[in-house]
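S.K.: Attaching a predicted model along with its sequence, questions to come.
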Amino acid sequence: MSEVTEAIEDFEGPKSESEVSPPEESAASVSGSVIAAAGEVTARIGHQRWVICALLFFAATVNYIDRQVIGILKPTLQGEFGWSEIDYSWIVFSFQTAYAIGLLFVGKLMDRIGTKIGFSLAIIVWSIAAMAHAWAVGIGDFMSPVVVPIVNGVVSGFNTISSLVGIAPWSVTLSVSVVGFMVARFVLGLGEAGNFPASIKTVAEWFPKKERALATGIFNSGTNIGALATPLIVPLIVIAWGWYEAFIITGALGFIWLIFWLTLYQKPEGHPKVSAAELAYIQSDPQESTVSVPWKRLFPHRQTWAFGIGKFLTDPIWWVYLFWLPDFLNKQHGLDLKNFGIPLAVIYIIADVGSVGGGWISGALIKRGWSINKSRKTAMLICALAVVPIVFASITTSLWLSVILIGIAAAAHQGWSANIFTISSDMFPKQAVGSVVGIGGMMGAVGGMIISPLVGYILQTTGSYVPIFIIAASAYLVALLIIHLLAPTLEPVNINYEQS
């Protein structure tokens, strides 16, 4: 069946409750859409939306290369600067704090200024910050008088909470190098916060609902390519030139992407390469208002909290993979910078399959006549169950069994991620998606802020990854239960017709 015929069938009848036209939409407008689509039966719909998806894919790739370099270089940097596990956890904490702050505001920014300008600003900031890691010691020497008192205040707050649950108080003495990397990571986090809100908003603008999960899965798979490329490329750069150059070279990639983004990106209705048939297909869902949605209309909705809590509980698990897997392979299996590249690459190859597969599962179920609610949650349940065996990765002595179990868990996370991102566009109108994703991403980053010092504390005191992987195994099932309780049908939010 051709894409045009498939598009016409989509006009003829909704396949799920979320695709039913609102009462306000007249039969004449639907008939007009059918006639317009029918007029294009001899032409291909077009593929420009997939070119835009490819841009998002490469942005995610660059995003994760810049993000993951610190994890790959952790053993090297620990050896050079004498960092403890707690020191490293504070460097990660700094990134996640900035990421949370950025996500709180960047979604609204994307909704206001648009993805072309907003995405450009984000990648400029994060690319400069990524390169600045090479001069972290000098930055730390300059910024220590500002950063150290702030960290001491945070530690004091943690100790107040720790005393209530019987955990020994923490003490932190930050070296100049730790402070410098914290500052560089903080700015990196602010910039990188723009990637996913901009990408999800772009998908909502360029794809009908039936293709959004697949498109999200495809661009999100770029994170796995970035995570796959980093352990293969960075060691070669370090061996040839040094860790300074590793940050500079990888950080410069963002500026190359920026040239293509500024050259190729426009909204579909104004893009010269989008045919009338493709535009009709992109806009085949019921028309939505373009009026800006104040945040005060988002927080009261259960759907916002369903998405946000789901991110809060599961995003931190991916942070653990990203920032601690090289350390896990080093401590558990004796691998180092020269030989953990292949195992890490295998993990992220498996994860890449999960990213596309998770989006494909829910899309395939929708095409079979399942409701959007049932399709998304079934796919998420499959992913949640696939994470559970990761517990055994922390106790096996077999390197490759450990790699396979972690790879399956990482794939499941990416499949989960494709669907949880997509339910935001299922439940909210296009003009609110960027803000909702920003809110949820911020909550996910707050979860990462909490888990970073927790992982550092566990490793510093026990040296074991078993408790960490137990947390990972249970997080997704708990998250899915809460999502279902808060949004049992993924009912779309009727923001447009509410009173201000």
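M.R.: That came through, no problem.

S.K.: what comes up buried for whatever helix or strand Gln431 lives in?
M.R.: According to DSSP states H and E, Gln431 maps onto helix 430-462. Within helix 430-462, the residues scored as buried using 16 or more other CB atoms under 10 Å are 430-449, 451-460. Bear in mind the C-beta positions are built from the backbone N, C-alpha and C, glycine included.

S.K.: other SSEs contacting that helix?
M.R.: helix 85-113, helix 195-206, helix 302-333, helix 399-427, helix 466-486 (3 or more CB pairs under 8 Å, 6 or more residues apart in numbering; DSSP states H and E).

S.K.: how about a markdown table for those, with mean pLDDT and mean neighbour count added?
M.R.: Formatted as a markdown table, those follow (pLDDT from 0 to 100; neighbours: other CB atoms under 10 Å):
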| stretch | mean pLDDT | mean neighbour count |
| --- | --- | --- |
| helix 85-113 | 86 | 23 |
| helix 195-206 | 86 | 28 |
| helix 302-333 | 92 | 22 |
| helix 399-427 | 92 | 25 |
| helix 466-486 | 96 | 18 |
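
S.K.: For Gly189, which of those is the nearest?
M.R.: helix 85-113 (3.1 Å; CB to CB).

S.K.: ok, now which ones touch the closest residue to Gly217 other than its chain neighbours?
M.R.: Spatial nearest neighbour of Gly217, excluding adjacent residues (CB to CB, 6 or more residues apart in numbering): Gly359 at 2.7 Å. Going by CB atoms under 8 Å, 6 or more residues apart in numbering, Gly359 touches 213-218, 220, 415, 418-419, 422.

S.K.: Gly359 and Phe255, how far apart?
M.R.: Going from Gly359 to Phe255 by CB to CB, to the nearest Å gives 29 Å.

S.K.: Could you check how far Ile249 is from Val446?
M.R.: For Ile249, the distance to Val446 equals 32 Å [CB to CB].

S.K.: Below-threshold pLDDT in the stretch 51-200 of the chain: ranges please.
M.R.: 155, 157-172 (pLDDT under 70).

S.K.: can you pull out the helices in it?
M.R.: According to DSSP state H, counting those that start in this stretch, the stretch 51-200 of the chain carries its helices in the segments 74-81, 85-113, 115-132, 136-164, 176-192, 195-206.

S.K.: Select, out of those helices, the one closest to Val391.
M.R.: helix 85-113 (21.2 Å).

S.K.: Could you name the helices and strands sitting against the closest one?
M.R.: Helix 85-113 packs on helix 48-72, helix 115-132, helix 176-192, helix 195-206, helix 302-333, helix 430-462, going by 3+ CB pairs under 8 Å, 6+ apart.

S.K.: C-terminal to the fourth one, what's the next element?
M.R.: Next helix or strand after helix 195-206 toward the C-terminus (DSSP H and E): helix 209-240.

S.K.: Mind giving me the packing neighbours of that following helix?
M.R.: Short answer (3+ CB pairs under 8 Å, 6+ apart): helix 209-240 packs on helix 48-72, helix 195-206, helix 243-264, helix 341-367, helix 399-427.

S.K.: The helices and strands packed on helix 85-113: which one's closest to Leu279?
M.R.: Comparing the helices and strands packed on helix 85-113 by CB to CB, helix 48-72 comes nearest, at 9.3 Å.

S.K.: For Gly369, see how far away the nearest residue to Trp319 once chain neighbours are set aside is.
M.R.: The shortest distance from Trp319 to any non-neighbouring residue, by CB to CB, 6+ apart, is to Gly448 (4.3 Å). Distance of Gly448 to Gly369, given as CB to CB: 38 Å.

S.K.: just Gln431 next, same as before
M.R.: For Gln431, the distance to Gly369 - CB to CB - is 30 Å.

S.K.: Next, Gly242: phi, psi?
M.R.: When read as degrees, to the nearest 10, the backbone of Gly242 gives phi 140, psi 170.

S.K.: and it, what pLDDT?
M.R.: On the pLDDT scale, Gly242 is placed at 91.

S.K.: need the helices of the stretch 51-200 of the chain in TSV with distance to Ile347, can you?
M.R.: Shown next, in TSV, are those (distance: least, CB to CB, whole Å):
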stretch	distance to Ile347
helix 74-81	16
helix 85-113	19
helix 115-132	23
helix 136-164	27
helix 176-192	21
helix 195-206	21
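
S.K.: Centroid-nearest residue for this protein?
M.R.: Among the residues of the chain, the one closest to the centroid is Phe196, at 5.7 Å (CA atoms, centre = their mean).

S.K.: Would you mind measuring from that one to Leu56?
M.R.: For Phe196, the distance to Leu56 - CB to CB - is 10 Å.

S.K.: Now do the helix holding Gln431 and helix 176-192, the angle between them.
M.R.: 160 degrees (axes from the mean of the first three to the mean of the last three CA atoms, to 10 degrees).

S.K.: and the angle from helix 430-462 to helix 302-333?
M.R.: Going by the same axes, to 10 degrees, helix 430-462 makes 30 degrees with helix 302-333.

S.K.: got the angle for helix 430-462 vs helix 399-427?
M.R.: 150 degrees.

S.K.: quick one: helix 430-462 to chain centroid distance?
M.R.: Remark: helix 430-462 is offset 11 Å from the chain centroid, using CA atoms, centre = their mean, to the nearest Å.

S.K.: same question, stretch 113-124
M.R.: 17 Å.

S.K.: In PDB, list the C-alpha atoms belonging to that stretch.
M.R.: Output in PDB follows, covering the C-alpha atoms of stretch 113-124 (Å, rounded to 0.1, in the frame of the first residue of the first chain):
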ATOM      1  CA  ILE A 113      11.100  31.700  20.000                       C
ATOM      2  CA  GLY A 114      10.800  28.600  18.000                       C
ATOM      3  CA  THR A 115      13.100  25.600  17.500                       C
ATOM      4  CA  LYS A 116      15.300  27.000  14.800                       C
ATOM      5  CA  ILE A 117      16.700  29.900  16.900                       C
ATOM      6  CA  GLY A 118      16.300  28.100  20.200                       C
ATOM      7  CA  PHE A 119      18.100  24.900  19.100                       C
ATOM      8  CA  SER A 120      20.900  27.000  17.600                       C
ATOM      9  CA  LEU A 121      21.500  28.900  20.900                       C
ATOM     10  CA  ALA A 122      21.500  25.700  22.900                       C
ATOM     11  CA  ILE A 123      24.100  23.900  20.800                       C
ATOM     12  CA  ILE A 124      26.400  27.000  20.700                       C
END
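
S.K.: Report the mean confidence score over the helix holding Gln431.
M.R.: Here the average pLDDT along helix 430-462 is 84.

S.K.: what about Met380, how many residues close to it?
M.R.: 29 (other CB atoms under 10 Å).

S.K.: Surely it and Trp416 touch.
M.R.: Yes - shown here, Met380 and Trp416 form a contact pair, counting by CB atoms under 8 Å, at 5.7 Å.

S.K.: any shared contact partners between those two?
M.R.: Tyr476.

S.K.: I'd like the distance between Arg185 and Leu228.
M.R.: 22 Å.

S.K.: Comparing these two, which shows the higher neighbour count?
M.R.: Between Arg185 and Leu228, counted using other CB under 10 Å, Arg185 has the larger neighbour count: 28 against 24.

S.K.: show me the contacts for the residue nearest to the centre of the chain.
M.R.: Applying CB under 8 Å, 6+ apart, the residues contacting Phe196 are 421, 437, 441.
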